[in-house]
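J.: sequence first, then the predicted structure, then my questions.
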Amino acid sequence: MEINFSTLRSADCYKVLAGLVTPRPIAWVTTVNDAGVVNAAPFSFFNCFGSNPPILAFAPGNREPGLPKDTARNIRNSREFVVNIADEALAEQMVATSTALPYGESELETTGLSAAASTAIAVPRIEEAPVAFECREWATLEIGSNRMVVGTVHHAHIRDGLLDPETLRLNHGLFHPVGRMAAPDWYCRTGDQYEIVRPE
C-alpha cells in the first residue's frame, strides 16, 4: 500500500500519522488565563527535542478553524506552561481533561485534580502527576493550520524514587507513563519493557 499525502484531506492525514507513529508520549499541559484560572489538556503530538538547552515541543491544534485551543491562547499571553506526565493511575483523569469546556473553566476542578505551585514560573503544575516540567515559550511555529509550541525547560518536579539521585538514571519499575496509540480511544501501558544493549 502507498499513500500520496498530497491527495489526502487533513483529517485523513491525521488518521494515518496518528495511527502509525506510535506509541507517542503525552504532554499533559497546564496553563493559566488572564484571570488566573488553570487549564489542563493532553497533547500527544509531543516530545523532547534537545538538552542544550533542554527543550520540549508539543502541538496544540485549533478548537475550530482559526480559533486556538485554550492552551495555545494562554501561552500566547503568559509565555509559560507546565508539561505534566500522566501515569497509569492518572490516565482516566488525564483523558477527561480533553473535554472541551467553556473558556475560563478549569479541568482540574471537574476531574478532582489539584494544582501545586511551580518553582520557576507562575503557572502551577498538577500535584498528582509523577513528573512536571516547568517551561517558558521559546517560539511558536505555525505551518499551515499546524501550531507547534517549543519551550525551554527551567525546573522539574519528579516523584521521589523515580530517579537515582546520584546517577539520575530512571527506576523503570516505578515509572509507568501511558502512551498514545491510534485515534480516537487507544492508549498503551509501558510496563512491558525490554533491554537491547547498544553497540560501543
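T.: Okay, I see it. These numbers come from a predicted model, not from an experiment.
J.: where is the longest helix in this structure?
T.: In the chain, taking DSSP state H as the definition, the longest helix is helix 10-20.
J.: run the chain-centre distance for that one.
T.: How far helix 10-20 lies from its chain's middle: 19 Å, per C-alpha atoms, centre = their mean, to the nearest Å.
J.: please apply the same query to stretch 26-36.
T.: The answer for stretch 26-36 is 11 Å, by C-alpha atoms, centre = their mean.
J.: ok, now stretch 176-189?
T.: Centre-to-centre, stretch 176-189 and its host chain are 13 Å apart (C-alpha atoms, centre = their mean).
J.: can you check stretch 19-35 too?
T.: Offset of stretch 19-35 from its chain centre (C-alpha atoms, centre = their mean): 3 Å.
J.: okay, helices next: where are they in this structure?
T.: Going by DSSP H, the chain shows helices at 10-20, 70-78, 91-96, 107-111.
J.: and of these, who's closest to residue 176?
T.: Closest to residue 176 of the helices of the chain is helix 91-96 (C-beta to C-beta; 9.6 Å). Every residue, glycine included, has its C-beta placed from N, CA and C.
J.: quick one: contacts of that closest one?
T.: Residues outside helix 91-96 that contact it (C-beta atoms under 8 Å, 6 or more residues apart in numbering): 26, 28, 42, 86, 107, 110-113, 128, 178, 187.
J.: any buried residues in it, and which?
T.: Going by neighbour count (16 or more other C-beta atoms under 10 Å), the buried part of helix 91-96 is 91, 93-96.
J.: before we move on, back to that, the longest helix of the chain - what's its average pLDDT?
T.: The average pLDDT for helix 10-20 rounds to 94.
J.: what separation do you get for residue 188 and residue 177?
T.: Distance of residue 188 to residue 177, computed by C-beta to C-beta, to the nearest Å: 10 Å.
J.: more crowded one of those two?
T.: The residue with more neighbours, out of residue 188 and residue 177, is residue 177; 20 against 14, by other C-beta atoms under 10 Å.
J.: in this structure that one contacts residue 190, no?
T.: Yes. Judged on C-beta atoms under 8 Å, residue 177 makes contact with residue 190 at a distance of 5.6 Å.
J.: what's the closest non-adjacent residue to residue 172?
T.: If the residues on either side of it in the chain are set aside, residue 172 comes closest to residue 193, at 6.1 Å by C-beta to C-beta, 6 or more residues apart in numbering.
J.: count the residues that sit near that neighbour.
T.: By the criterion of other C-beta under 10 Å, residue 193 has 8 neighbours.
J.: pick the one among the buried residues of helix 91-96 closest to residue 75.
T.: Taking these together and measuring to residue 75 by C-beta to C-beta, the closest member is residue 94, at 19.1 Å.
J.: pLDDT score for the closest one?
T.: Residue 94 carries a pLDDT score of 98 in this model.
J.: once you drop chain neighbours, what's closest to it?
T.: Spatial nearest neighbour of residue 94, excluding adjacent residues (C-beta to C-beta, 6+ apart): residue 86 at 3.9 Å.
J.: can you name the residues bridging to the residue minimising distance to the centre of the chain?
T.: The centroid of the chain falls nearest to residue 27 when counting by C-alpha atoms, centre = their mean (0.9 Å). As for beta bridges, residue 27 partners with residue 43 under DSSP bridges.
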